[in-house]
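# Below is the sequence, then the predicted model.
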Amino acid sequence: MERVDVSILGREYSLACSAEEKPTLMAAVRHVDQLMLRIQGTGKVSSNERIAVMAALQVAGELLAMKAPDGPLGGLAVGDFKRRIEDMNAVLDDALSGQEKLL
């Protein structure tokens, strides 16, 4: 593991990652820092904690809206895929709960 010092919203953080993960980590740091600076620049959110929460929500929204690449699930957003899996789990749970009553 390698120690990486980064700055997000003017605060220094020391992170650990493998050499292979470092480019992805640095890209993530840049993305989060830019989002937080943009949110701070609006002047609508004052505390760093609230800025961090708003940035986290935006990143989560971006992730859930991301489309799957070509293939059997091509064009399906990650959030839609997650919802479909949750729906399937609910159907399975209902079916299995009926089986427990038979025993």
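Great, that's in hand.

# distance of the residue nearest to the spatial centre of the chain from Gly43?
Central residue of the chain (Cα atoms, centre = their mean): Ala60, 4.0 Å from the mean position. Using Cβ to Cβ, to the nearest Å, one gets 23 Å for the distance from Ala60 to Gly43. C-betas here are computed from N, CA, C, even on glycine.

# same check, this time on Leu96
With distances taken as Cβ to Cβ, Leu96 is found 52 Å from Gly43.

# Ok, Ala55 next?
According to Cβ to Cβ, Ala55 and Gly43 sit 16 Å apart.

# more neighbours, the two?
More neighbours surround Ala55 than the other of Ala55 and Gly43, with 23 against 7 (other Cβ atoms under 10 Å).

# which ones are touching the more buried one?
With contacts defined as Cβ atoms under 8 Å, 6 or more residues apart in numbering, the neighbours of Ala55 are Val32, Leu35, Met36, Ile39.

# Can you name every helix or strand that the strand or helix carrying the last one contacts?
Of the helices and strands defined by DSSP states H and E, Ile39 is found in helix 22-42. The helices and strands touching helix 22-42, judged by 3 or more Cβ pairs under 8 Å, 6 or more residues apart in numbering; DSSP states H and E, are strand 2-8, helix 48-65.
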